[in-house]
Structure formats: C-alpha cells, structure tokens
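Novice: Sequence first, then the predicted structure:
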Amino acid sequence: MRRRDFFKSAAALAAARAERFQLATFRSDITPSIGGPLFNNVTARKIVDPLEAHGVVLLGGGQPIVVAALDWCEIRNDAYNLWRDVMAEAARTSRERVLLTCVHQHDAPYVDTEAQRLFEAAKAPGRICDPDFNEHCARKVAAALQASLNSAHRVTHIGTGQAKVEGVASNRRYVKPDGGVSFGRTSATKDPALRALPEGTIDPWLKTISFWEEDRPVAALSCYSTHPMSYYGQGDVSADFVGMARARRQKDTPGTAQIYLTGCSGDTIAGKYNDGSAANRPILAGRMYQGMVGAWKATKRRPLQHVRFRS
C-alpha cells in the first residue's frame, strides 16, 4: 500500500470509529415532598432548591454504559439494585454497567428499603425512607434515560481538565495535643479553634471529563473530594453548594449537560472554611464554580477511539 493510501485508510478508520460512539444525556427531578423522610431521622420541612438526577449513556463501546448522579444522601442494598435494574432495562444493558452514585447532600433522602421493612416488622417509630417514593423516582429517571436515547449525540472526542479548588476541603480528623485523633471537625464547624487547625491532607483538584462532537461539547462530568454540606440537619431540602455551582455552570453552557459527582471523601469536609451559617453556602458554591470553570479552561481534547469497561 502506498504511503498516501495508508494514511487515507487510517483516517477513514478513525472517522468510522468516531461515528459509532454516541452519548445521550438525561436529567429528572427527584425532590421529596414536604413531610418526607430525609437522612438522620430528619423530616423535610421546606424545599430550598430542587434535587435532581443527572446522567449520561455512552453508546458504541459494547453494551451501553450509564453514569448517573443523584442529589440524594445514599441508596443502599436492594434499593440500589432496584435503581440499577430499571436503568439497565431502559438502556438495554446489564446492571454492572450502570454506575450509579449519590452526591451525598444531607438534607436529602437516605434510602434503604430493606432496613425500612425491618423497622416496620419491629414496629419501630419513624421512617428511614419512603419505598414507594423511591420506586417512583427510580422509574421516573429510567423513563428519562430511555427517552434520551432518541436524541443521542455523536461523540468524536473526549476532554480532560483539572483546576485547584481553594478554600473548600479540609480533613475531618485532626491530631489532639495528647497525640490522639479526633473526628470533631465536621462539615459545619462552629468552634473557631478547630477551624484554625491546618487544612490537612486533601486532593485539591477538581477534575472534569467531557465528551465532544468535534468542537461542540455535549457533556461535562466534574468530580471533587469533599462532603457537600454547608448547613443541614433541619429538613431544608437542598442540593447544597455543589448543586448551586453545577446549576451556575449549566446556565453558562445551556447546550452542554453539566453533571457533578462527589469523589472519595470520607475524611474530607468543608469544616475549616464553614461555620454552618446560611451565608457560607453561596461562598462555597462560588469557590466550587471557579474550580469548574478552571478545569474547563484547562481541558485538552483528543479523539475518542476506544471504549473499554472493567467491573
């Protein structure tokens, strides 16, 4: 084969591979009703801002791959399997290829239907969750996913970028003068002495993975390691400061789906920079927003040529 023909064939093959990849994006409201159960035995008393499910379906790399993030605290046990099963059915894929995560805001539903059944059998007071509401939301999100497949976008490139977030994450644990370790610094830390302690070991980078149709961005998935709570525990339902930052980015890029996922953050919280006052929520949101903008500006694209899934 002549050199020119070889490069033409390679370019044609790359173009053919790019044509086969598509990305569908979906979102759905999953806000609980007033009076509904939330995390930590709290009841919803007010809706400050709506809770949403956001996700993508990547097509063309074998069975479809679903990535979805919910503005809920947690989904556990058989409730988790229910969500993945109905979404897998909607996407025509297997349960293992549905990557479902909760953003982990605290004035939000905490769902464990198996535990709820045990509570009811023991006639224990209160509710962990509302199983009917959980199933309603799971099927609602699955329907939104299925509908999105009809308008999937061709994707040719993948982008990656990162930027440092200043003044948000810090360690929950700290070392006391006697050498012991304490968990006393929480997401909302009122004690100024605890807030004055060093930031600790954190991952300061907010990372964004994006999918593109040539030079047009289709979706951006951002991830950062911190508990996403500013003030909480009274029943004021909210997607909190990470939800505010995501919504602001969505206004910046109306044609690009903005999705936020919370990174591994068992020991990372906003406690050093947050005293739990309502005024701090927009401040933290602004810092997260700047991180998202910075990661976007630093994004570098390359052709999407292969998709591989490991579980």
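Specialist: Looks like it arrived, so ask away.

Novice: Where do the helices of this protein begin and end?
Specialist: Using DSSP state H, the helices of the chain run over 3-20, 77-91, 113-121, 131-148, 192-195, 240-252, 280-297.

Novice: Distance-wise, check the residue nearest to residue 115 when sequence neighbours are not counted relative to residue 117.
Specialist: In this structure, residue 115 finds its nearest non-sequential neighbour in residue 128, 5.3 Å apart by C-beta to C-beta, 6 or more residues apart in numbering. Backbone N, C-alpha and C define where each C-beta goes, glycine included. Noted for residue 128: a distance of 10 Å to residue 117, by C-beta to C-beta, to the nearest Å.

Novice: neighbour-wise, which of these two wins?
Specialist: Neighbours per residue (other C-beta atoms under 10 Å) separate residue 128 from residue 117, with residue 128 holding more: 22 against 13.

Novice: Retrieve the pLDDT associated with that one.
Specialist: In this prediction, residue 128 carries a pLDDT score of 94.

Novice: which residues touch it?
Specialist: Residue 128 makes contact with 37, 110, 111, 112, 115, 116, 119 under the criterion C-beta atoms under 8 Å, 6 or more residues apart in numbering.

Novice: quick one: low-confidence parts of the stretch 1-150 of the chain?
Specialist: Within the stretch 1-150 of the chain, the segments meeting pLDDT under 70 span 1-19.

Novice: redo that, cut-off 50
Specialist: The stretch 1-150 of the chain contains residues with pLDDT under 50 at 1, 5-18.

Novice: wait, residue 190 sits on residue 276?
Specialist: Yes. With contact defined as C-beta atoms under 8 Å, residue 190 counts as touching residue 276 (5.9 Å).

Novice: and those two? which has more neighbours close in?
Specialist: Per other C-beta under 10 Å, whichever of residue 190 and residue 276 has more neighbours is residue 276, with 18 against 12.

Novice: Contact partners for the residue nearest to the more buried one when sequence neighbours are not counted?
Specialist: Counting by C-beta to C-beta, 6+ apart, residue 188 is the residue found nearest to residue 276 once chain neighbours are left out, at 3.0 Å. Shown in contact with residue 188 (C-beta under 8 Å, 6+ apart): 229, 230, 231, 232, 270, 271, 274, 275, 276.

Novice: Return the distance of residue 188 relative to residue 308.
Specialist: Taken as C-beta to C-beta, the span from residue 188 to residue 308 is 41 Å.

Novice: How about residue 285?
Specialist: Here the criterion is C-beta to C-beta. By it, residue 285 lies 35 Å from residue 308.

Novice: between those two, which one's more packed in?
Specialist: More crowded of residue 285 and residue 308, by other C-beta under 10 Å: residue 285, with 22 against 6.

Novice: so that one sits right up against residue 249, yeah?
Specialist: No. Counting by C-beta under 8 Å, residue 285 sits too far from residue 249 to count as a contact (10.6 Å).

Novice: can you count the residues close to residue 50?
Specialist: By the criterion of other C-beta under 10 Å, residue 50 has 14 neighbours.

Novice: which residues does the nearest residue to it once chain neighbours are set aside contact?
Specialist: Closest residue to residue 50 apart from its sequence neighbours, by C-beta to C-beta, 6+ apart: residue 31 at 4.6 Å. Taking C-beta under 8 Å, 6+ apart, we find residue 31 in contact with 47, 50, 51, 52, 237.
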